[in-house]
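A.B. asks: Return atomic coordinates for the entry below.
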Amino acid sequence: MALKLKKILSYLWPITRRYSSKINGLLEVTYIDGKKVLDSKNANYSYGQLQKVLEFGVEKIDLNGIKNILLLGMGGGSIVRSLREKFKYTGLIIAVEIDPKVIEIAKEEFGIVEYPNQSIVQEDAFIYVKNSNEAFQLIIIDLFIDSEVPTIFFEQEFCRNVADCIDLNGFLIFNLGMGLKENSGIIRKIMSYFGEEFELNIHFQVHGLNELLIAKKIS
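C.D. replies: Model prediction:
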């Protein structure tokens with residue numbers, strides 16, 4: 001009853017719960033217009049426009065036959081929900097999230113749970129792919145601290161480690177963030193790090209917001 005009342009009231013004014021994270025600082029879960037969103041100080045983290053950006057990437061990929069997905073950066077789990085509910089994906093999802101407070105929020109506020117085909121790993125994504133011996137058919141990279149992608153995730157070592165974790169004919173969706181122009185040196189470097197073994201496509205200002213790299217491993 002309390003949840004139903006809260007949902008009704010959210011159409012009148014936003015209802016916000018605040019969390020403090022040692023990694024991400026202030027995080028806010030806001031019930032607005034009958035829906036919950038997760039925001040950091042300067043950016044939507046989950047269940048807002050960001051979810052639509054990542055869904056744009058998933059729509060470019062045929063999920064039929066994909067048996068496992070690695071998600072680097074879970075946030076509140078909005079893309080997990082999209083995969084399960086919108087795209088009807090039933091295969092394995094491993095979600096890697098560095099921030100224990102974000103994992104707590106994803107579970108308690110958004111109902112992202114673990115079961116045999118879905119696991120959450122509290123780990124630095126850089127370390128995870130460096131040490132991984134698994135191969136995935138789709139990797140989704142969505143790594144932000146507030147509104148910025150840490151620069152370590154634009155560097156050669158991380159990109160090459162990610163490439164090594166992708167199966168032949170597997171896919172990559174990399175949320176590069178905002179403000180990168182078509183002639184950006186950052187974009188050119190990232191594309192060179194993945195190299196000729198990938199078919200690479202950059203989509204600029206998806207839904208007026210972020211740049212996405214969508215790639216297929218072809219050799």
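A.B. asks: Number of residues surrounding F174?
C.D. replies: Counted with other CB atoms under 10 Å, residues neighbouring F174 total 26. All C-beta atoms are positioned from the backbone trio N, CA, C, and that covers glycine.
A.B. asks: F56 versus that one, what's the distance?
C.D. replies: For F174, the distance to F56 (CB to CB, to the nearest Å) stands at 13 Å.
A.B. asks: Tell me which residue is most central in this structure.
C.D. replies: Residue closest to the mean C-alpha point of the chain, counted by CA atoms, centre = their mean, is D142 at 3.4 Å.
A.B. asks: mind listing what that residue touches?
C.D. replies: Counting by CB atoms under 8 Å, 6 or more residues apart in numbering, D142 makes contact with L50, L54, L71, L72, G73, M74, G75, I79, N175.
A.B. asks: give me the beta-bridge partners of the spatially closest residue to T16 that is not a sequence neighbour?
C.D. replies: The shortest distance from T16 to any non-neighbouring residue, by CB to CB, 6 or more residues apart in numbering, is to T30 (4.6 Å). Going by DSSP bridges, T30 is paired in beta bridges with T16, V37.
A.B. asks: T30: neighbouring residues, count only.
C.D. replies: Residues lying near T30 (other CB under 10 Å) number 18.
A.B. asks: Return the per-residue confidence for N183.
C.D. replies: We have a pLDDT of 54 for N183.
A.B. asks: repeat for the one 4 residues further on
C.D. replies: Looking at I187, its pLDDT is 89.
A.B. asks: and what of the one 10 residues further on?
C.D. replies: Each residue has a pLDDT score; the one for E197 is 96.
A.B. asks: so what's it up against?
C.D. replies: E197 makes contact with A163, K217, I218, S219 under the criterion CB under 8 Å, 6+ apart.
A.B. asks: ok, the last one touching L168?
C.D. replies: In other words, S219. Yes: shown here, S219 and L168 form a contact pair, counting by CB atoms under 8 Å, at 7.4 Å.
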